[in-house]
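**Student:** task: produce atomic coordinates for the following.
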Amino acid sequence: MRTASLVAVALLLAAAFWMMRDGDRAGLYVSGDGARQVARRLAAEGVAQAPAGEARIEAVLLRRWQNLESLPALHALCGGACNGRTAVVALRQPTPGGLRRVLLIDLSGTPAAAALDAGAPIPAAIVACLGRVVAGRDAACLPPARVAWRMPF
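**Tutor:** Modelled structure (predicted):
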C-alpha cells in the first residue's frame, strides 16, 4: 500500500512538472488596441508573432481596464488582479501544453489611450516602450507589473 502511494505521489509531481514547463510553443501574440503598431515594432526588432493559439506569451493591450469586461475568459482569469492599481498584470497559467503567459496592459495612463481615442497612431516612444514590455526586456517605462498565478480549474 505504501509503495502504491509513493508511486501515485511521484506521478502527480511528474504531471505537475509537465504542466508547468514552458513547452514547445514559441513566440508571442499581441492583440488589442494598438496591437498592429506594437507587432510591427517587434517585427522590426526581429521578434515575429506566432499564431494566437500557439503563442507562449500573449499580450493584450487595453485602452482602459473596463474593456476587459468584453473579454469574459480573460476577465475571469484575471480576477481581482485587474483592479486598475497597475498598468501591467502578468498572468501565468499552467496548461497541458506548457506555461501560458498572458500580459494584460492598461494604456489609460499613457498618451496611447488619448491617441487611440482620437483615431491617431500611438506615439513612437510609447510603441517602443510597449514593445520592450511585451518582449520582456524592460518594464520601467510603465508602472511595475503585478503577477497573478491562476490555476486551470
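
**Student:** make it CA atoms for all contacts and neighbour counts henceforth
**Tutor:** Will do.

**Student:** I'd like the average pLDDT over stretch 119-132.
**Tutor:** Average pLDDT, stretch 119-132: 86.

**Student:** so what's the gap between it and the chain middle?
**Tutor:** 18 Å (Cα atoms, centre = their mean, to the nearest Å).

**Student:** use 741 as the first number for this chain going forward.
**Tutor:** Done: numbering now begins at 741, and the last item shifts to stretch 859-872.

**Student:** in the chain, which spans are strands?
**Tutor:** 768-772, 797-802, 828-835, 838-846, 886-889 (DSSP state E).

**Student:** distance to E785 and mean neighbour count added to those strands, as JSON lines?
**Tutor:** JSON lines is the format used below for those (distance: least, Cα to Cα, whole Å; neighbours: other Cα atoms under 10 Å):
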{"stretch": "strand 768-772", "distance to E785": "13", "mean neighbour count": "20"}
{"stretch": "strand 797-802", "distance to E785": "17", "mean neighbour count": "24"}
{"stretch": "strand 828-835", "distance to E785": "22", "mean neighbour count": "21"}
{"stretch": "strand 838-846", "distance to E785": "19", "mean neighbour count": "23"}
{"stretch": "strand 886-889", "distance to E785": "26", "mean neighbour count": "15"}
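
**Student:** what number of residues lie near L811?
**Tutor:** 10 (other Cα atoms under 10 Å).

**Student:** got a list of what the residue lying closest to A852 once chain neighbours are set aside touches?
**Tutor:** Spatial nearest neighbour of A852, chain neighbours left out: I862 (4.9 Å); criterion: Cα to Cα, 6 or more residues apart in numbering. Residues near I862 by Cα atoms under 8 Å, 6 or more residues apart in numbering: 774, 777, 851-853, 855-856.
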